[in-house]
Structures are given as C-alpha cells and as structure tokens.
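>>> would you be able to build a 3D model of this:
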Amino acid sequence: MSNLATLKTARSLESDEWQLRVDLAAAFRLAAINDWHEAVANHLSLAVSADGKKFLMNPRWKHFSRIKASELLLLDSADAETMNRPDAPDLTAWSIHGRMHAKVPQARCIIHLHPPYTTALASLANPEILPVDQNTARFFNRVAVDTDYGGMANSDAEGDRLGGLLGNKQIMMMGNHGVLVCASTVAEAFDLTYYLERACRNLILAYSSGQPLKVMSPAVAEKTAQEWESDRDQFHSHFAEMKAILDQRDPSYAE
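Below you'll find the model as predicted:
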C-alpha cells in the first residue's frame, strides 16, 4: 500500500504538515457545530505539497464531529490506484477533490458542503447572491454558478467539468446540490464559508418577507466587495478565535 494513502500519526509527520492537519480537523468540527454538514457525507481537503497534488481529506463516512488530525487521509491526485485500496475515500470526494487538486491552482483548501441557507438558494431557479446587505455584497460578481446538475459527482469527468466551471473564482454555487469554496488556507476558506452561509441566510429571509428587495447598485456592491478583500487579517483572527473555542470545548480534534 502506498504511503500516500496510509493514515499517519503525529510522530511520523513534519511539523508544518501537522499544523495543516490540525487546522483542517478544526474546520471539520466547526462545520458540524454550525450545521453545515450532511450526515457522514460532504468533504474538506487541503493541499500539503507545493504543486497542490498531494492533499489531506476526510476518511470515508466518518462524522465531522469526530474527525481528528491524525485520522486524515494523505492522498495524491496522480495516484490512479487510490480508489482500489481498503482505506479509499468516498468516490464523490475523490471525483471532485482529486480532480480539483490536480487542475485548479487556487484550490489549496477545498470545502464542499450542503449548508441549509446556501443550499436553499442554490435550489432556486435564480441562485444569484443579490447584494442586499454588506455580507451578500462580499460575493458580488465573485461566484461561479453550476446550473447543470446531473446526479452524484462520481467520475473524473464530472470533477473536471466543475473545475473548468469554477475558473479563477473561489466559490461555486452548485445548483440543486450545495456549495464549493476554495482558498489558499483553511482560515480563509472557513471565513468565506461562514460569511457565505450568513449572506444566503440574509437573502433567503429577505425573500421570505414578500417585500421588494433593496438591491445595491453595481458600483456600491463592487466597492463593498473590494473593501472585504482589503481586510485580510480578519479571517485569520476569526479562525484562530474559533480554534480557541474548540480548545475549550473539545481539544480532541488536534490529536
């Protein structure tokens, strides 16, 4: 069995990879706390090599609330034998994340989830995130939309299709499905996911009022989005604070 697909312990890991493991494990726990996950499905992954092709991902069908850093699979997107091993990841996880890590440069950390409000918006005929407040404005003109859902993502071809559709964006609303978020770090990917779900909640609640929406002008929405992008320290502090809360609540994620 290839070492790349073997579960490793803290002693066998370099310190930098171990920190990546801890951060990704924290993101799993936080996704469960925030009710963004779906049973034992959904997947998060994180590149550990410079080319992005070697990456960490959750073991098949383990609940997010119990995932530990030492349990994360270390995989290689170029390894054609991955799905033939006893510890193979979930097929849909491999089809999406394996191809993304192979082909999408900005996909260092990939979060694929079914958060309730984001998924609800992705289920509408028009899943556009209209800029009706400063949270929704963060995503103005910055989201790819997949309107061609064709069933479970269980093939390399589907992973390649999604990667091509994402292009140079960080977020994809997956119509009839959920969401995909990509970033250079776990901290940024977590922060984007957090605010995306908040934004979709705000928009869904505004829709549910039955009142006309007060949509920002394109100029104001773009200005607001750029102001979000200029404050890059906040998402690091956000994630650090959430890990501190986890440390008090249940530090086993870092084992």
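
>>> for the residue positioned nearest the centre of the chain, what are phi and psi?
With distances taken as C-alpha atoms, centre = their mean, Ile111 lies nearest the centre of the chain, 1.2 Å away. Taking degrees, to the nearest 10, you get phi -120, psi 120 for the backbone angles of Ile111.

>>> now it: closest residue in space, sequence neighbours ignored.
Nearest in space to Ile111, with sequence neighbours left out and distances taken as C-beta to C-beta, 6 or more residues apart in numbering, is Val181 at 4.4 Å. From N, CA and C alone the C-beta is placed, and that goes for glycine too.

>>> and the one you found, what helix or strand is that in?
Under the criterion of DSSP states H and E, Val181 resides in strand 178-183.

>>> kindly report the same for Leu75.
Applying DSSP H and E, one finds Leu75 within strand 73-76.

>>> likewise for Arg60?
Here Arg60, judged by DSSP H and E, is contained in no helix and no strand.

>>> so it makes contact with Asp90?
Yes - using C-beta atoms under 8 Å, Arg60 is in contact with Asp90, at 4.7 Å.

>>> the two: which has the busier surroundings?
Per other C-beta atoms under 10 Å, whichever of Arg60 and Asp90 has more neighbours is Asp90, with 21 against 16.

>>> the strands in the stretch 51-200 of the chain, which residues?
Along the stretch 51-200 of the chain, the stretches classed as strands by DSSP state E, counting those that start in this stretch are 54-57, 73-76, 109-113, 143-146, 171-174, 178-183.

>>> could you export those strands as a markdown table, including distance to Thr224 and mean pLDDT?
What follows is the strands of the stretch 51-200 of the chain, written out as a markdown table (distance: least, C-beta to C-beta, whole Å; pLDDT from 0 to 100):
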| stretch | distance to Thr224 | mean pLDDT |
| --- | --- | --- |
| strand 54-57 | 33 | 96 |
| strand 73-76 | 38 | 96 |
| strand 109-113 | 23 | 97 |
| strand 143-146 | 15 | 96 |
| strand 171-174 | 16 | 95 |
| strand 178-183 | 19 | 95 |
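
>>> between those strands, which gets nearest to Arg85?
Arg85 lies closest, by C-beta to C-beta, to one member of these: strand 73-76, at 9.9 Å.

>>> turn the strands of the stretch 51-200 of the chain into JSON lines, including distance to Arg21.
JSON lines is the format used below for the strands of the stretch 51-200 of the chain (distance: least, C-beta to C-beta, whole Å):
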{"stretch": "strand 54-57", "distance to Arg21": "6"}
{"stretch": "strand 73-76", "distance to Arg21": "9"}
{"stretch": "strand 109-113", "distance to Arg21": "12"}
{"stretch": "strand 143-146", "distance to Arg21": "29"}
{"stretch": "strand 171-174", "distance to Arg21": "24"}
{"stretch": "strand 178-183", "distance to Arg21": "17"}
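
>>> report the contact partners of Asp160.
Counting by C-beta atoms under 8 Å, 6 or more residues apart in numbering, Asp160 touches Arg99, Lys103.

>>> and stretch 175-184, how far out from the chain's middle?
Distance, stretch centre to chain centre, for stretch 175-184: 6 Å (C-alpha atoms, centre = their mean, to the nearest Å).
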